[in-house]
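Chemist: Fold the following for me, if possible:
(one chain, ligands or ions: 2)
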Amino acid sequence: MKNLKIRLLDRLEQEFALTAGQIKRFIKDFHFQMNKGLAGEKSSLEMLPAFVDRPSGKEKGRFIALDLGGTNLRLLQLELKGSGRIEKLAERKFVLKEKYIKGKGKDLFDFIAGCIKRFVQEKGIAGTKKSDIGFTFSFPIRQASITSGVLMYWTKGFCAKGVVGKDVVGLLNRALAEKGLYNIKVAALANDTVGTLVARAYRESECDIGAIFGTGTNACYREKISRILKMKGRKTKGSHMIINTEWANFNKINTTVYDRILDKNSINPGEHILEKMISGMYLGEIARLVMLDLIKRGVLFNSKLPQALRVPRVFKTEYMSYIAADRTVGLVKTNSLLRKLGIKDSCCQDRQVVKKICNFISGRAACLSAASLAAIILKIDPDLSRRHTVAVDGTVYEKYPGFANGINACLKRIFAKKSSKIKISLTKDGSGIGAAIIAAVTDEN
Ligand code: ADP
Ligand code: MG
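Modeler: Ligands and ions are numbered 1, 2, ... in the order given. A predicted model of the protein is given here:
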């Protein structure tokens with residue numbers, strides 16, 4: 001029995017580990033898909049032009065930032081001071097209720113406009129003066145300019161009807177006008193990764209990559225316009241433009257049986273494979289599926305399937321984080337968490353197994369994140385001859401114990417000593433702040 005347990009756990013560890021050869025292959029496939037996406041060919045990486053380059057840091061003015069993430073809607077009023085400094089004047093968070101996420105698109109945009117109305121009234125921003133909004137929209141948008149973008153498809157469990165295929169700026173401006181907010185207009189639309197890159201680049205010119213590890217995952221980077229083949233013939237300014245990779249959808253990855261079950265039971269089978277192995281929306285569910293398997297094989301919880309683990313998605317990524325942070329003898333914190341979930345009679349060994357499972361899964365997520373970042377870095381700088389700052393936002397990166405270290409360790413495996421040229425900087429609120437900066441960049445043009 002004991003041997004069986006060790007053998008199973010060893011096998012699991014191997015399955016969730018990435019070898020050097022696998023990482024090499026991953027990066028090669030990633031480049032292939034990037035090139036196809038840039039050429040406008042069918043690819044699992046959409047490589048969406050963002051119609052903006054990084055800012056100079058000198059932009060000035062007052063702006064409202066609206067950040068529509070996967071779980072919250074955030075509003076900020078910001079003053080850009082120039083020379084890289086930003087002052088936050090006001091902030092307000094609204095929870096996005098299920099009825100807006102999954103109801104009618106019109107209701108969702110009415111709700112957003114209503115939040116903006118409350119915000120400007122409460123904070124005394126409303127008035128006759130014109131206010132520009134920088135709108136961060138954390139879903140895939142096909143842009144033709146900085147002030148418009150068509151939603152390609154919803155992600156992160158959203159399915160509000162009547163929005164896919166429409167310009168989200170138009171929808172929001174209309175909803176604002178219906179609320180009588182004629183002075184408030186969206187001046188710039190950006191994806192959250194783009195906002196994060198721009199927010200960091202405002203004060204740090206070495207920043208050329210932005211990434212999100214939250215409910216979902218995605219990244220963007222600064223590309224030479226001459227290499228964006230699908231933009232050929234289009235009028236553009238400057239030499240570079242930010243590209244939103246939409247890497248969530250990258251799918252040339254070795255998966256385990258657990259990933260395949262999760263994918264099959266998801267609302268988008270076959271899609272967003274990388275995201276399903278990295279992001280907060282899914283890590284807990286992978287852990288639940290592994291636990292179910294180990295229970296079935298007789299090596300966990302005395303083969304008894306607790307009621308709490310029968311329901312899909314009940315085991316949250318937050319729980320894994322909590323377990324990963326448990327350094328107590330006998331894992332008493334893990335025990336109390338399991339008890340809260342209705343698993344009352346776990347033994348110490350069970351808890352160690354659960355902790356190991358969480359480690360394998362989050363370790364793989366961090367390694368895949370690093371491999372994806374490495375692919376982007378090698379695309380823009382094949383010899384890693386320059387310094388690169390990666391601006392990162394998202395609760396998984398920020399709060400999961402060991403996640404950030406895991407990314408750095410894997411970058412070290414890939415680049416050895418040269419990895420010191422890569423700096424990953426947590427850029428909290430980046431997505432919201434960035435949109436306001438983009439509004440300011442647009443204002444100057
Ligand atoms: P969003 O992606 O919606 O903009 P966040 O970056 O805050 O927002 O990510 C929220 C996600 O982070 C949640 O869906 C959850 O999966 C995950 N999460 C929340 N708390 C923790 C935690 N303590 N540790 C790890 N992941 C967490
Ligand atoms: Mg976010």
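Chemist: At the contact with ligand 2, which residues of the protein appear?
Modeler: Contact residues (CB under 5 Å from the ion) of the chain with ligand 2: Gly69, Gly214. Using the backbone N, CA and C atoms, a C-beta is placed for each residue, glycine as well.
Chemist: the domain parsing of the chain - what is it?
Modeler: In terms of domains, the chain is parsed into 1-50+204-427, 51-190 (source: automatic domain parsing).
Chemist: So which of the ones you listed is nearest Ala436?
Modeler: When these are compared by CB to CB, domain 51-190 sits nearest Ala436, at 3.9 Å.
Chemist: Quick one: low-confidence residue ranges for the stretch 51-200 of the chain.
Modeler: Applying pLDDT under 70 to the stretch 51-200 of the chain picks out residues 126-128.
Chemist: What parts of it come near ligand 1?
Modeler: Proximity of the stretch 51-200 of the chain to ligand 1 is assessed by CB under 6 Å from any ligand atom, with Gly69, Gly70, Thr71, Ser138 identified as the residues in range.
Chemist: does the closest residue to Lys418 other than its chain neighbours count as helix, strand or coil?
Modeler: Beyond its immediate neighbours in the sequence, the residue positioned closest to Lys418 (CB to CB, 6 or more residues apart in numbering) is Leu384, lying 4.7 Å away. Secondary structure state of Leu384, per DSSP: H, G, I helix; E, B strand; the rest coil, is coil.
Chemist: which ones are touching Leu384?
Modeler: Leu384 makes contact with Ile377, Leu378, Phe415, Lys418, Lys421, Ile422, according to CB atoms under 8 Å, 6 or more residues apart in numbering.
Chemist: Identify those among those residues that sit within strands.
Modeler: Ile422 (DSSP state E).
Chemist: can you put the contacts of Leu384 in JSON lines and add distance to ligand 1?
Modeler: Formatted as JSON lines, the entries for those read as follows, by distance: CB to the nearest ligand atom, whole Å:
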{"residue": "Ile377", "distance to ligand 1": "23"}
{"residue": "Leu378", "distance to ligand 1": "26"}
{"residue": "Phe415", "distance to ligand 1": "26"}
{"residue": "Lys418", "distance to ligand 1": "29"}
{"residue": "Lys421", "distance to ligand 1": "27"}
{"residue": "Ile422", "distance to ligand 1": "22"}
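Chemist: Take the contacts of Leu384 and lay them out in a markdown table including neighbour count.
Modeler: Output for those, formatted as a markdown table (neighbours: other CB atoms under 10 Å):
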| residue | neighbour count |
| --- | --- |
| Ile377 | 25 |
| Leu378 | 17 |
| Phe415 | 17 |
| Lys418 | 14 |
| Lys421 | 17 |
| Ile422 | 23 |
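Chemist: Which pair in the contacts of Leu384 has the greatest spatial separation?
Modeler: Checking the contacts of Leu384 against each other with CB to CB, the farthest-apart pair comes out as Leu378 and Lys421, at 12.1 Å.
Chemist: could the domains of the chain be laid out in TSV, adding distance to Ala435?
Modeler: Converted to TSV, these look like this (distance: least, CB to CB, whole Å):
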stretch	distance to Ala435
domain 1-50+204-427	11
domain 51-190	3
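Chemist: Show me where the protein has its strands.
Modeler: Taking DSSP E as the criterion, the chain carries its strands at 48-49, 60-68, 72-82, 85-95, 131-137, 141-145, 148-151, 184-190, 207-213, 217-224, 240-244, 388-393, 422-426.
Chemist: Same list (the ones you listed) but as CSV, adding distance to Leu8.
Modeler: Output for those, formatted as CSV (distance: least, CB to CB, whole Å):
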stretch, distance to Leu8
strand 48-49, 42
strand 60-68, 43
strand 72-82, 39
strand 85-95, 41
strand 131-137, 44
strand 141-145, 44
strand 148-151, 44
strand 184-190, 46
strand 207-213, 29
strand 217-224, 29
strand 240-244, 40
strand 388-393, 34
strand 422-426, 34
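Chemist: Ok, which of these comes nearest Lys106?
Modeler: Proximity to Lys106, assessed across these by CB to CB, is greatest for strand 148-151 (13.8 Å).
Chemist: Can you check the distance spanned by stretch 54-68, start to finish?
Modeler: Stretch 54-68 has its terminal residues 21 Å apart, counting by CA to CA, to the nearest Å.
Chemist: For it, what is the distance to the chain centroid?
Modeler: 21 Å (CA atoms, centre = their mean, to the nearest Å).
Chemist: quick one: buried residues of that stretch?
Modeler: By neighbour count, with 16 or more other CB atoms under 10 Å as the criterion, the buried positions of stretch 54-68 are Arg54, Pro55, Gly57, Glu59, Gly61, Arg62, Phe63, Ile64, Ala65, Leu66, Asp67, Leu68.
Chemist: Pick out the most distant pair among the residues of the stretch 51-200 of the chain next to ligand 1.
Modeler: Farthest apart among these by CB to CB are Thr71 and Ser138. That separation is 10.0 Å.
Chemist: and these two? which has more neighbours close in?
Modeler: Each of Thr71 and Ser138 has its neighbours counted (other CB atoms under 10 Å); Ser138 has more, 24 against 16.
Chemist: Tell me who's in contact with that one.
Modeler: Contacts here follow CB under 8 Å, 6+ apart; on that basis Ser138 touches Asp67, Leu68, Gly69, Gly70, Lys156, Asn191, Asp192, Ile212, Gly216, Asn218, Ser431.
Chemist: most surrounded residue in the residues you listed?
Modeler: Neighbours here are counted as other CB under 10 Å. On that basis the top member of these is Ser431, with 32 neighbours.
Chemist: That one and Thr136 touch, don't they?
Modeler: Yes. Under the contact definition of CB atoms under 8 Å, Ser431 touches Thr136, with a separation of 4.7 Å.
Chemist: Give the residues shared as contacts by the two.
Modeler: Listed contacts common to Ser431 and Thr136 are Asp67, Gly69, Asp192, Gly195; contacts here mean CB under 8 Å, 6+ apart.
Chemist: quick one, phi/psi of the second one?
Modeler: Okay, so that is Gly69. Taking degrees, to the nearest 10, you get phi -90, psi -160 for the backbone angles of Gly69.
Chemist: which residues touch it?
Modeler: Counting by CB under 8 Å, 6+ apart, Gly69 makes contact with Thr136, Ser138, Asp192, Gly214, Thr215, Ser431.
Chemist: Just the ones of those residues in helices?
Modeler: Asp192, Ser431 (DSSP state H).
Chemist: Widest-spaced pair of the contacts of Gly69?
Modeler: Spatial extent of the contacts of Gly69 (CB to CB) is set by the pair Thr136 and Thr215 at 14.0 Å.
Chemist: and the angle for the single longest helix found in the chain with strand 422-426?
Modeler: When the chain is scanned for its longest helix (criterion: DSSP H), the result is helix 348-380. Calculated by axes from the mean of the first three to the mean of the last three CA atoms, to 10 degrees, helix 348-380 forms an angle of 120 degrees with strand 422-426.
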